[in-house]
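[1] Next one to model:
(one chain, ligands or ions: 1)
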Amino acid sequence: MKRFSEKLDQIKKNGLYRKMRHLQTPQGPHIKIDGKDYLLLSSNSYLGLCNDARLKQAALDAIEKYGVASGGSRLTTGSYEIHQKLEEEIAAFKGTEAALLFNTGYMANVGTISSLADKSWVIFSDRLNHASIIDGCRLSKAEIVVYDHCDTADLARKVRGYHNRQALIVTDGLFSVDGDIAPLPALVEIAQKNNILLMVDDAHATGVLGLSGGGTADYFGLSDEIDIQMGTLSKALASEGGFIAGKRSLIDYLANTARSFIFSTALSPAMIAVSLKALEIVRTEPQRRETLRANTAWFRAELRATSFDVPENEAPIISIILGHPDLAVSFSDKLMERNIFVSAIRPPTVPPGTSRLRISMMATHSRDDLKQALNCIAEIGHKLGVIR
Ligand SMILES: Cc1ncc(COP(=O)(O)O)c(C=O)c1O
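    All right, here's what the predicted structure looks like:
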């Protein structure tokens, strides 16, 4: 045990120690932590659905009908008709032939990549891809070629060095921490020209980007061109679980080979019912996405007007890069003192030297909420010398 406490001391010395805070209220723009009220700007619940009465009722109805747990893996005794219904709804939502549920987005990435590729393959992976993609690549034992973040010229150069190999290009659609959008049109072109499979992780774009909230493929009008669309139900859809959407043959293959699908108890019927209801809300209430977009545009513009270096785009994730982890933690702590919760993100989640505040917008933030947050961020930014 001594070796672990020594390692832990080193983590603390480097300013990288993390601790959990305990929420006492449902997740929304206003939350309570340890008895204190906060304005929350760090939730992935972009559409503000975590405490939606219709989702809660859907869970209760499913518990009444099916009980509280699925009791087995999908291939044994855990597959209910609503699991299949949700897969059909996801496929329709994503514009694909079929879909397969996994218990988390993490398990979807790890299970899918490691079942598709083996050591004879090469995987081209964006430098800033999510940890679950990186772990899936490692587990596959394929050769991993990392290309510079969103740099399609670098990718094209690297692809040229690997003729006649089974290959996969994998990228976040909407990058989870930087909040930028992958250049899908150019990625599709490179993939098709070189006969390479393309996989897009839309954990953060599902329900958020695109005319119907279908994600980055929908945003670019490329739903038919992406071989493997991965997504989560755990963020904008306020539920739990991950999925892969694509051709029927891909989905059948994964159901028979992806170990994180085969060897794990199915999601509870209650969470499946929540996902079904949330998908219906995404389909029928586009105004939520529009409000989220308006909140994002306003907040980004105001931050820029206050001299923060943030790009102009539609993503509800806004990174203020600060550099040293101590500065990011100090900024976040000072915001906490002012009853505003914004997480400090440090290595290993982001590369060394790029510790930051990660702000995330919700459709349910009011303009007054955002003004209050902006004033505090500007004031603390001045005090800490981040802006002049
Ligand atoms: C880009 C990305 N992919 C996958 C995941 C994993 O999804 P889940 O939280 O549903 O396991 C996340 C979650 O943080 C993510 O940000």
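[2] for the record, mean pLDDT for stretch 268-283?
    Across stretch 268-283, pLDDT averages out at 98.
[3] Please write out the alpha-carbon positions of that stretch in PDB.
    Presented in PDB, the C-alpha positions along stretch 268-283 are these (Å, rounded to 0.1, in the frame of the first residue of the first chain):
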ATOM      1  CA  SER A 268     -32.400  -1.800 -16.700                       C
ATOM      2  CA  PRO A 269     -35.800  -1.400 -18.500                       C
ATOM      3  CA  ALA A 270     -36.300   1.800 -16.600                       C
ATOM      4  CA  MET A 271     -33.300   3.500 -18.300                       C
ATOM      5  CA  ILE A 272     -34.400   2.100 -21.600                       C
ATOM      6  CA  ALA A 273     -37.800   3.700 -21.100                       C
ATOM      7  CA  VAL A 274     -36.100   7.000 -20.200                       C
ATOM      8  CA  SER A 275     -34.000   6.900 -23.400                       C
ATOM      9  CA  LEU A 276     -37.100   6.200 -25.500                       C
ATOM     10  CA  LYS A 277     -38.900   9.200 -24.000                       C
ATOM     11  CA  ALA A 278     -35.900  11.400 -24.300                       C
ATOM     12  CA  LEU A 279     -35.500  10.600 -28.000                       C
ATOM     13  CA  GLU A 280     -39.200  11.500 -28.500                       C
ATOM     14  CA  ILE A 281     -38.500  14.900 -26.800                       C
ATOM     15  CA  VAL A 282     -35.500  15.500 -29.000                       C
ATOM     16  CA  ARG A 283     -37.600  14.800 -32.100                       C
END
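[4] could we number from 59 for the rest of this?
    Sure, I'll start counting at 59 from here, so that last one is stretch 326-341.
[5] Next one: the nearest residue to K293 once chain neighbours are set aside from the ligand, what distance?
    Distance criterion CB to CB, 6 or more residues apart in numbering; nearest residue to K293, sequence neighbours excluded, is N102 at 4.0 Å. (Glycine included, C-beta is placed from N, CA and C.) Here N102 is placed at a distance of 7 Å from the ligand (CB to the nearest ligand atom, to the nearest Å).
[6] before we move on, what about E139?
    From E139 across to the ligand, the span is 23 Å (CB to the nearest ligand atom).
[7] all strands for the stretch 309-446 of the chain, in order.
    For the stretch 309-446 of the chain, strands defined by DSSP state E, counting those that start in this stretch occupy the ranges 375-381, 398-399, 401-403, 413-418.
[8] Report the contact partners of the residue nearest to K293.
    Each residue near N102 by CB atoms under 8 Å, 6 or more residues apart in numbering is listed here: 262, 292-294, 418.
[9] Among these, which one has the most neighbours?
    Using other CB atoms under 10 Å as the neighbour criterion, A294 leads the contacts of N102 with 32 neighbours.
[10] Excluding chain neighbours, give the residue nearest to T315 in space.
    S173 (4.3 Å).
[11] and the one you found, how many neighbours?
    By other CB under 10 Å, 21 other residues sit near S173.
[12] Read off the pLDDT value for the residue lying closest to K335 once chain neighbours are set aside.
    In space, and not counting its chain neighbours, K335 is closest to A116: 4.0 Å by CB to CB, 6+ apart. For A116, the pLDDT comes out at 98.
[13] What's the separation between A116 and the ligand?
    Note on A116: its distance to the ligand, by CB to the nearest ligand atom, is 19 Å.
[14] Tell me where the model's unsure across the chain.
    Residue ranges of the chain with pLDDT under 70: none are present.
[15] In contact with the residue of the stretch 109-258 of the chain found nearest the ligand, which residues?
    When distances are taken as CB to the nearest ligand atom, the stretch 109-258 of the chain reaches nearest to the ligand at G163, 2.3 Å away. Neighbouring residues of G163 by CB under 8 Å, 6+ apart: 190, 259, 261, 288-290, 292, 299-300.
[16] could you redo the last one with a cut-off of 7 Å?
    By CB atoms under 7 Å, 6 or more residues apart in numbering, the contact set of G163 is 190, 261, 290, 292, 300.
[17] All set now, cheers.
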